[in-house]
Structures are given as structure tokens and as C-alpha cells.
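> please work out how this folds:
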Amino acid sequence: MIIVTGATGNVGRSLIGILTAAGEAVTATSRGITEADVPRGVRHRQADLTDAETLRPLLDGADALFLQNGGPSAHLIDPHRILDAAKAGGVERVVLLSSQGVATRPESLSHGQVGRAIEEAVQQSGLHWTILRPGGFHSNAYAWAEPVRAYRTVPAPFGDVGLPTVDPADIAEVAAVILRQGGAGAGGHSGGTYELTGPSLVTPRRQTQAIAEALGEPVRFEELTREEAAARFLRFMPEPVVETTLSILGEPTPAEQRVSPDIERVL
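Have a look, this model is predicted:
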């Protein structure tokens with residue numbers, strides 16, 4: 001049995017589909033998961049990463065755990081309690097969905113310090129572990145869906161700054177390979193940390209052009225100032241996350257613009 005946390009998210013939803021299509025027994029879990037969120041016949045249970053006790057019953061008899069790092073709620077989770085519950089339930093290996101920012105923004109509270117603490121808990125858990133560090137997701141562009149639909153406009157800052165954003169489905173494919181390769185060696189991935197990016201740099205302005213090409217209609221790019229973008233992001237992100245996110249989008253480090261070969265290597 002493989003337990004997938006964050007099962008209604010962009011990575012988790014794809015991962016559930018990949019694992020079930022491969023014939024794996026899966027339990028999908030998130031705070032508000034319902035039958036409509038999973039393929040027919042997939043076991044699903046509501047649980048909250050910020051309350052490890054809600055996960056404990058799901059982990060009994062499981063072999064592997066896909067642990068989402070909590071996203072904006074990462075600072076509220078206790079990874080040691082989650083991992084202790086996993087070990088008590090018989091879990092042997094864990095794949096952690098972390099963030100590239102752990103390495104590239106170590107001074108950041110939201111991306112570096114909290115993420116590092118979760119990674120260290122996984123590394124010290126006594127389980128066979130693998131850490132996935134993706135950069136920005138392609139699916140972040142969903143934030144533009146409504147203005148594109150209503151006004152044929154993409155509002156975004158830093159229109160000509162490129163990043164190698166990654167498709168969440170590719171992250172899920174990597175996770176599935178590692179979760180399915182059981183045994184002590186975990187297929188050679190035990191103890192590995194993988195940086196997951198797309199194959200090339202893409203700018204918001206180029207993304208806008210791609211959306212226009214897909215629609216067959218003009219779509220206008222509206223460049224936001226940093227302040228305007230911050231006001232929008234604060235609607236759904238805590239302030240520390242907003243500040244670090246804007247820094248990555250506007251002043252990426254060379255490491256954040258590097259195209260990693262790890263997805264191709266694993267797959």
C-alpha cells in the first residue's frame with residue numbers, strides 16, 4: 001500500500017492516477033478529499049498534515065509514503081510525529097516533495113529554513129528516503145485563468161525573466177518510479193535528492209504567447225509592478241512566502257535558472 005498525501009494537489013492528483021493505472025494499491029489523503037477527487041475504487045480518507053494523529057490509522061500496513069511538505073502550511077506540521085507514525089505503521093520508504101528553495105534560498109524562513117527542517121527529519125527518520133526538489137510549477141499559470149477568460153489578459157510581474165518551470169505531471173512520474181521500486185535499495189534512489197525542472201527557460205511573456213497560440217486569439221501581457229504582484233499574491237499566500245516567491249521570479253539565482261537533468265535520468 002502506498003499512501004499519498006496532498007492527493008488533491010497538482011502533483012498528488014497526477015500521482016494517484018499513475019499509481020492506480022500501474023495496478024498499485026493506494027490510499028489518497030488530504031484535508032477535504034472526497035470520492036469525486038479520485039479514480040473509481042481508490043481508497044480515500046481525509047487527514048491533515050498539521051495533525052499527525054489523523055494520519056496514523058492510514059499508515060498501518062502501508063509500505064511507502066509520498067509526503068507533501070505542507071506548502072503554505074509547512075511551518076505548522078511536525079514531520080517527526082508524521083514519520084514516527086509511518087514507522088510504527090510499517091512504512092519502509094518515504095518520498096518527500098520538498099522545494100528547490102531549500103538549497104537556493106537557505107536564508108528564507110518559508111522556503112529555506114522550514115523546508116530544511118522537514119528534509120532533515122526525513123533524512124534522520126531511519127526510513128529509506130528520497131527528496132524531490134522541484135522549482136516553479138507550470139500549473140502556477142492557473143492563476144491567470146480568470147483574466148485570460150474574461151479579458152484575454154495575463155497580469156504578471158517580471159515579464160522577461162525566464163525560469164525552467166516544471167510540469168507537475170513530470171514530478172508525479174518521478175515520484176511513482178521511486179515509490180514503486182521497493183526493497184532496501186529503493187531502486188538505487190534511496191538517499192537521493194533530485195532537483196526537478198523543465199527542459200528550458202520560459203518567461204511570462206512567452207507563456208502569454210503560447211496561451212494565445214492555443215486559443216487562436218490575441219492575449220495581452222500586462223506587466224505588474226512588484227508591489228502590484230505582492231498585493232495579488234497576498235490573497236492566497238502568507239507574506240514571507242510572497243516575498244521569497246517574488247525574489248525568485250524577479251531576481252533568480254543561477255541555480256534557479258539551471259536546467260536539471262534529473263527528471264530524464266530517473267525516467
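
> from Ser200, how far off is Pro164?
From Pro164 over to Ser200 the distance is 6 Å, taken as Cβ to Cβ, to the nearest Å. For every residue, glycine as well, the C-beta is placed using N, CA and C.

> show me what the helix or strand where His44 lies is packed up against.
For His44, the element it lies in under DSSP states H and E is strand 43-46. With contacts taken as 3 or more Cβ pairs under 8 Å, 6 or more residues apart in numbering; DSSP states H and E, strand 43-46 sits against strand 26-30, helix 52-59.

> which of these has the highest mean neighbour count?
strand 26-30 (a mean of 25; mean count of other Cβ atoms under 10 Å).

> which residues touch Ser30?
Going by Cβ atoms under 8 Å, 6 or more residues apart in numbering, Ser30 touches Thr5, Gly6, Ala7, Thr8, Gly9, Gly12, Asp37, Gln46, Ala47.

> same list, these, but as TSV with secondary structure please.
As requested, the contacts of Ser30 are exported to TSV (DSSP: H, G, I helix; E, B strand; the rest coil):
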residue	secondary structure
Thr5	strand
Gly6	coil
Ala7	coil
Thr8	coil
Gly9	coil
Gly12	helix
Asp37	helix
Gln46	strand
Ala47	coil
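
> closest to Leu96 among these?
Among those, Thr5 lies closest to Leu96 (Cβ to Cβ), at 10.1 Å.

> the closest one bridge partners, please.
Beta-bridge pairing of Thr5 under DSSP bridges involves Thr29.

> what's the burial count for Thr50?
15 (other Cβ atoms under 10 Å).

> in this protein, which spans are helices?
Along the chain, counting by DSSP state H, helices occupy 10-21, 52-59, 79-89, 101-104, 114-123, 145-151, 168-180, 204-215, 226-233, 239-250, 262-266.

> mind saving the C-alpha coords of the fifth one as CSV?
As requested, C-alpha coordinates have been extracted for helix 114-123 and formatted as CSV (Å, rounded to 0.1, in the frame of the first residue of the first chain):
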residue,chain,number,x,y,z
VAL,A,114,11.2,25.4,7.3
GLY,A,115,11.8,23.2,4.3
ARG,A,116,15.3,22.3,5.5
ALA,A,117,13.9,21.2,8.9
ILE,A,118,11.4,18.9,7.1
GLU,A,119,14.1,17.4,4.9
GLU,A,120,16.4,16.8,7.9
ALA,A,121,13.5,15.0,9.7
VAL,A,122,13.1,12.7,6.7
GLN,A,123,16.8,12.1,6.5
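
> identify the residues contacting Ala230.
Contact partners of Ala230, counting by Cβ under 8 Å, 6+ apart, are Val242, Glu243, Leu246.

> before we move on, back to that, which other residues reach the strand holding His44?
Strand 43-46 is contacted by residues 7, 25-35, 37-38, 54, 57-58 when judged by Cβ under 8 Å, 6+ apart.
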